[in-house]
Every structure is written in structure tokens, then in C-alpha cells.
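Asker: Just to be clear, the model below is a prediction. Sequence and coordinates:
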Amino acid sequence: MADEFDPEKFEDKYAHYFNELQRAYKNAFEQMNDRYDSELIHGIDQTVLNESEPFYEDGEFRVELPENPRERIRGAVAVDDETFEETLDEYVERIESELYRTLGVDRPE
């Protein structure tokens, strides 16, 4: 775990927090893979989240997704739009939660 989270260092997150980012994404993946269809979780991980970008702004973590996440998975995994959206939303929330936990940052209230 990082000694103490520094928001300024997070601007160059891959140099300063690479291991923590990997751990947060991996933990979220494992949680989601335990609860949902593994083909869908792997598909989201490989076609959408592989190009996502975590940010820390105004005291909060957020994960920015690439454009057209639904189109990225179409053809790779058979899933209806509603299931995809709900699963992706929860996955992103879990990544954000893991970023707080892994980096030792309190969630804003």
C-alpha cells in the first residue's frame, strides 16, 4: 500500500501508484467474477476496462470509460443492453471503492 496518498502524484499515477492501481482493478475483477457470469466479466475487463482511466478530482476517484463501451463488447459476449449497463455500472463502482481502499483514502460523505 502507498505510504500516504498524494493527489498531486496521482496526476502521474502510473509512475507513482501503478501497483496499487493494478491491485484495485484486480480486486474488483475478482469480486465481480465471483458474482456474475465470468464470460461477461472477462469481456468487460478486456474490451472496456482495459482502456479505462482512473482519475482523482475534487477529493473523489472516478473511472472514465472509453467511448461506446456497449459497442466494444458487442460480438464478443452475448448480453442484453440492460444487463450489460447494470453490470458495467457495478463494476466501475467496485473499482472506485477499491481505489479508495487500496490507496487508503477516505470516501467523501
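Answerer: Thanks, I have the structure now.

Asker: Quick check: mean pLDDT of whichever strand or helix holds Leu21?
Answerer: Take DSSP states H and E as the rule and Leu21 turns out to sit in helix 18-35. Helix 18-35 shows a mean pLDDT of 96.

Asker: That one - contacts with which helices or strands?
Answerer: helix 38-47, helix 81-103 (3 or more CB pairs under 8 Å, 6 or more residues apart in numbering; DSSP states H and E). To be clear about C-beta, it is placed using only N, CA and C from the backbone, and glycine gets the same treatment.

Asker: Roughly how far does the residue most central in space within the chain sit from Ala15?
Answerer: Taking CA atoms, centre = their mean, the centroid of the chain lies closest to Ile95, which sits 3.6 Å from it. Distance, Ile95 to Ala15, by CB to CB, to the nearest Å: 20 Å.

Asker: Give the residue spans of this protein that score low on pLDDT.
Answerer: Residues of the chain that meet the criterion pLDDT under 70 lie in 1-3.

Asker: ok, 90 please
Answerer: Applying pLDDT under 90 to the chain flags residues 1-4, 74-78, 107-109.

Asker: Run a quick check on the residue nearest to the centre of the chain versus Gln22, I expect a contact.
Answerer: No - contact criterion CB atoms under 8 Å: Ile95 and Gln22 do not qualify, at 11.5 Å.

Asker: Where does Phe5 sit: helix, strand or coil?
Answerer: Secondary structure, DSSP: H, G, I helix; E, B strand; the rest coil: Phe5 is coil.

Asker: Now for it, how many residues are close by?
Answerer: 19 (other CB atoms under 10 Å).

Asker: same thing with Arg35?
Answerer: 11.

Asker: Which parts of the helix holding Leu21 count as buried, going by neighbours?
Answerer: Across helix 18-35, burial judged by 16 or more other CB atoms under 10 Å covers 20-21, 23-25, 27-29, 31-32.

Asker: Farthest pair within those residues?
Answerer: For the buried residues of helix 18-35, the farthest-apart pair by CB to CB is Glu20 and Met32; their separation is 18.7 Å.

Asker: follow-up on the earlier one: find the nearest non-adjacent residue to the residue nearest to the centre of the chain, please.
Answerer: Ala28 (4.4 Å; CB to CB, 6 or more residues apart in numbering).

Asker: Alright, that wraps it up for me.
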